[in-house]
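Student: test case, fold it:
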Amino acid sequence: MALADDKLRHSAVASCDHAANVFVEIYRAMAGEAQKVSFSGHDIAEARIGDQRYFVDANLERFVKGGKRVG
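Tutor: As a prediction, the model looks like this:
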């Protein structure tokens, strides 16, 4: 039996732009720092925790730890 969050996660289809915006807004509502970024026409979210950056592709349910923030 599938978990409820799995059903919700896979029941909605959104463009990469909309998925990134939703992630950014939810993360900001939780007092996080995030922004939408584009790579070759594909939109993802960049979330920051301390001096680390994480790139989140909400469409593909993937995230990658980036480098330390510069500046």
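
Student: those helices in the chain, which residues are they?
Tutor: Ranges of helices in the chain, per DSSP state H, are 4-11, 16-29.

Student: ranking these by mean pLDDT, which is last?
Tutor: Mean pLDDT is lowest for helix 4-11 among the helices of the chain, at a mean of 52.

Student: bridging residues for the nearest residue to residue 33 once chain neighbours are set aside?
Tutor: Nearest residue to residue 33, sequence neighbours excluded (Cβ to Cβ, 6 or more residues apart in numbering): residue 48, at 4.4 Å. For the C-beta atoms, the positions are set from N, CA and C on the backbone; glycine is no exception. Beta-bridge partners of residue 48, counted by DSSP bridges, are residue 33, residue 53.

Student: quick check: residue 48 vs residue 18, distance?
Tutor: Distance, residue 48 to residue 18, by Cβ to Cβ, to the nearest Å: 21 Å.

Student: quick one, phi/psi of residue 32?
Tutor: Backbone geometry at residue 32, expressed as degrees, to the nearest 10, gives phi -90, psi 170.

Student: next, count neighbours for residue 14.
Tutor: Each residue near residue 14 was counted by other Cβ atoms under 10 Å, and the total is 12.

Student: pretty sure it is touching residue 22, no?
Tutor: Yes - the criterion here is Cβ atoms under 8 Å, and residue 14 meets it with residue 22 at 7.0 Å.

Student: what is in contact with the two at once?
Tutor: Shared contacts of residue 14 and residue 22, defined by Cβ atoms under 8 Å, 6 or more residues apart in numbering, comprise residue 58.

Student: pull the CA atoms of stretch 24-42 into CSV?
Tutor: Provided in CSV are the C-alpha atoms of stretch 24-42 (Å, rounded to 0.1, in the frame of the first residue of the first chain):
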residue,chain,number,x,y,z
VAL,A,24,11.0,28.2,-3.0
GLU,A,25,7.7,29.5,-1.5
ILE,A,26,7.4,26.6,0.9
TYR,A,27,11.0,26.8,2.0
ARG,A,28,10.8,30.6,2.5
ALA,A,29,7.6,30.1,4.6
MET,A,30,9.7,27.8,6.8
ALA,A,31,12.2,30.8,7.3
GLY,A,32,14.7,29.3,4.8
GLU,A,33,16.6,31.1,2.1
ALA,A,34,15.9,30.0,-1.4
GLN,A,35,15.7,31.2,-5.0
LYS,A,36,14.8,29.9,-8.4
VAL,A,37,17.7,29.4,-10.8
SER,A,38,17.7,28.3,-14.5
PHE,A,39,20.2,26.0,-16.2
SER,A,40,19.9,25.7,-20.0
GLY,A,41,16.1,26.4,-20.0
HIS,A,42,15.4,24.2,-17.0
